[in-house]
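>>> This is a predicted model, with the sequence first.
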Amino acid sequence: MAFCLKDLLEFDDIVIQCHDNPDADALASGYALKWYLKKHGKDARFIYGGRSPISKSNLVLMKENLGIPVEYVNELKPPQLLVTVDCQYGESNVKHFDAENIATIDHHQISGTLPEMAALRSNYGSCSTVIYELMQLEDIDINEDVNIATALYYGLMTDTSGFEEISHPSDRDLRDYARPRMADIVLFKNSNLSKDELVIAGDALKHAYYDEKRLYAIVESKPCDPNILGIISDMTLEVDSIDACLVYSVMPFGVKISVRSCVREIKASELAAFLASGYGGGGGHLIKAGGLLKKDLLEKAGISYDNASIRSFLDDRLKDYFENSEIIFAGEKVEDISEYEHYIKKELSLGFVRAVDLAAPGTKIMIRTLEGDIDTIVEEDIFIIIGIDGEVYPIRKKRFDENYTLSDDEYVYPGEYAPSVMNHVSGERVKILPFARSCVSRGGCGIYAKKLDHRVKVFTKWDPEKYYLGTEGDYLVVRADDHSDMYVIAEEVFKKTYIKEQA
């Protein structure tokens, strides 16, 4: 059975521990967990160890303004339960304390054997998100206490470089749902830059490289806080002849990157993910993103870990990205299908929701899924299909009737992340699955498709402002009844969903 916060309520003597030299995410996670336990009559302690107490100005302000009751300790009587947050028991940056039982709530990679009571989400941007999600499962509203909402929001913000590196929809949910005290967020954020860091930013900008043909810039910074890279990126992008920029810093453990874009043809999140692919991870949103290329993975690939080699490597990656990406605007032309093959849908049990069940007609909504966010306007004839792997996409009723048959079976969601809809008018987040019904796909008129051997960005008819990415192995698809309607389907989803029509 999956771990939930209620499992902790079996114990009375509880201590929450975050890693040594805690950051904002660790403080927020421990603080929110202590608040949850107090709501259930458990008076837990919140502690950390290490060489010295918290001294960084933004963290001192965070503790004082939000009333975070965290203690700096070097000795501890073994508690009945020790819960590590934003870290794992036994790690080198977590002071060792004995305990009768251990639990772990974290978002980093597994570093050892996890205890039975563990919630670890390695693909989440912050531990604050994990805590938020666990509370959501128990219908606990973090906005009941503005200090808790502010702490979790700030924890996520700092661990994702000002939301630049957000990639998982659960992180976006916390960012959009929390109602923090913004005056505190502004105060904490503006207490994060020292005079020395200001000098680092100025020096980096003086030595920026500009590619006048492709309209991007590369800026190298001395080692610094990742937030400083974001400041340098923002300033670089304000230059009128730059559409995108990469700012990076070679750290002892890896290369931190910050990416910006101001044109729709380049998603900052997608560019960051491309640069880090195979060497680490990257993500974010349309105009701001970031990531990390790990030192050991770079060296394993034969790339020397020195500034000149890293600069050459990143320059080559950027040139590859700009020179080998095809851009398609669906609806602007009728596609020549002579190189495509005809496929029909397999008979599959899927799910669907009528858009009007989620919001009133005329409402602009954002459909939030693991693959990304889709914007559309609610209309009476719009249906939202939930695919074989949990992927979500809107279609018109006419096409639904041609390609799907209603089913009386109960709908069972197959995906990892339950999709939701964000109402742009009210700001309300509505879960899709309670409204989902079953349907069965059938052949219909089918599609034309070809396997990709290069990167393609497709701006669909549904959302002409955001493209959908196809990479080598994925399929470029054209509707059989409308050769101007194009989109991409991931390779695994395509193989599960379609079959080639037999001659």
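All right, it came through fine. Residues are numbered from 1 along each chain as shown.

>>> and Phe383, what pLDDT?
On pLDDT, Phe383 comes in at 95.

>>> Please apply the same query to Lys195.
At Lys195, the pLDDT value in this model is 76.

>>> Same check on Met1?
54.

>>> how about the strands in the stretch 301-450 of the chain?
Listed in chain order, the strands of the stretch 301-450 of the chain (DSSP state E, counting those that start in this stretch) span 325-329, 341-345, 349-354, 364-369, 372-377, 382-386, 392-396, 404-406, 420-423, 429-431, 437-441, 447-451.

>>> can you check the stretch 1-150 of the chain too?
In the stretch 1-150 of the chain, the strands defined using DSSP E, counting those that start in this stretch lie at 14-18, 45-48, 70-72, 81-85, 102-106, 117-120.

>>> element containing Leu186, please.
Careful, residue 186 is Val and not Leu. According to DSSP states H and E, Val186 maps onto helix 182-189.

>>> which secondary structure elements does that helix contact?
Contact analysis of helix 182-189 by 3 or more CB pairs under 8 Å, 6 or more residues apart in numbering; DSSP states H and E lists helix 57-66, helix 146-159 as its packing neighbours. From N, CA and C alone the C-beta is placed, and that goes for glycine too.

>>> Please work out which of those is packed deepest.
Comparing the helices and strands packed on helix 182-189 by mean neighbour count (mean count of other CB atoms under 10 Å), helix 146-159 comes out on top with a mean of 25.

>>> Give me the number of neighbouring residues for the residue lying closest to Val146 once chain neighbours are set aside.
With CB to CB, 6 or more residues apart in numbering as the criterion, Val146 has its nearest non-adjacent residue at 5.2 Å, and that residue is Arg181. Neighbours of Arg181 under the rule other CB atoms under 10 Å: 17.

>>> And Arg181, how far from Ala149?
Between Arg181 and Ala149 the distance is 8 Å, computed by CB to CB, to the nearest Å.

>>> now swap in Glu341 and tell me
Counting by CB to CB, the gap from Glu341 to Ala149 is 52 Å.

>>> Please apply the same query to Asp25.
The gap separating Asp25 from Ala149 is 15 Å, by CB to CB.

>>> cool, Tyr124 as well?
18 Å.

>>> Met422 too?
Distance, Met422 to Ala149, by CB to CB: 17 Å.

>>> Give me the residues contacting whichever helix or strand comes after the helix holding Val186.
Going down the chain from helix 182-189, the next helix or strand is helix 195-206, by DSSP H and E. For helix 195-206, the surrounding residues in contact (CB atoms under 8 Å, 6 or more residues apart in numbering) are 219-222, 224-225, 228, 231-232, 235-236, 247.

>>> Only the buried residues of stretch 452-471, if you could.
By 16 or more other CB atoms under 10 Å, the buried positions in stretch 452-471 come out as 452, 455-460, 462-463, 466-471.

>>> quick one: contacts for Cys224?
Contact analysis of Cys224 by CB under 8 Å, 6+ apart lists 197, 200, 249.

>>> quick one on the thing from earlier: what's the residue nearest to Val146 sitting at in phi/psi?
As for Arg181, its main-chain torsions (degrees, to the nearest 10) stand at phi -80, psi 100.

>>> Show me what counts as buried in the lowest-mean-pLDDT helix or strand in the chain.
Lowest on mean pLDDT, DSSP states H and E among the helices and strands of the chain sits strand 280-284, with a mean of 77. For strand 280-284, burial by neighbour count (16+ other CB under 10 Å) applies to 280-284.

>>> Out of those residues, the closest to Phe313 would be?
Of all the buried residues of strand 280-284, Phe313 sits closest to Gly280, with 12.6 Å by CB to CB.

>>> thought that closest one was touching Leu293?
Yes - shown here, Gly280 and Leu293 form a contact pair, counting by CB atoms under 8 Å, at 4.5 Å.

>>> hey, what's in contact with both of the two?
Here Gly280 and Leu293 share the contacting residues Gly254, scored by CB under 8 Å, 6+ apart.

>>> just so I have it, where are all the strands in the stretch 151-300 of the chain?
209-211, 216-221, 244-250, 254-261, 280-284, 288-294.

>>> Pick the most deeply packed of those strands.
Among those, strand 254-261 has the highest mean neighbour count (mean count of other CB under 10 Å), at a mean of 27.

>>> ok now that strand, how far from the chain's centre?
15 Å (CA atoms, centre = their mean, to the nearest Å).

>>> Pairing partners for it, with directions?
strand 244-250 (antiparallel), strand 288-294 (antiparallel) (DSSP bridges).

>>> tell me which element Val477 falls in.
Judged by DSSP H and E, Val477 forms part of strand 475-479.

>>> Tell me the strands beside that strand, with direction?
In the sheet, strand 475-479 lines up against strand 447-451 (antiparallel), strand 482-489 (antiparallel) (DSSP bridges).

>>> How far off centre is the longest one?
Think strand 482-489. A distance of 27 Å separates the C-alpha centroid of strand 482-489 from that of its chain, computed with CA atoms, centre = their mean.

>>> Just the C-alphas of it, formatted as PDB.
In PDB, the C-alpha atoms belonging to strand 482-489 read as follows (Å, rounded to 0.1, in the frame of the first residue of the first chain):
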ATOM      1  CA  ASP A 482      -8.300  17.000 -43.400                       C
ATOM      2  CA  HIS A 483      -4.800  17.100 -44.900                       C
ATOM      3  CA  SER A 484      -4.100  20.500 -43.300                       C
ATOM      4  CA  ASP A 485      -4.600  19.200 -39.800                       C
ATOM      5  CA  MET A 486      -1.300  17.800 -38.500                       C
ATOM      6  CA  TYR A 487       0.100  16.800 -35.100                       C
ATOM      7  CA  VAL A 488       2.700  14.400 -33.600                       C
ATOM      8  CA  ILE A 489       2.200  11.200 -31.600                       C
END
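
>>> Any buried residues in that strand, and which?
The neighbour-count check on strand 482-489 (16+ other CB under 10 Å) flags 485-489 as buried.

>>> Domain map for the protein?
The chain breaks down by automatic domain parsing into domains covering 5-189, 195-323, 341-500.
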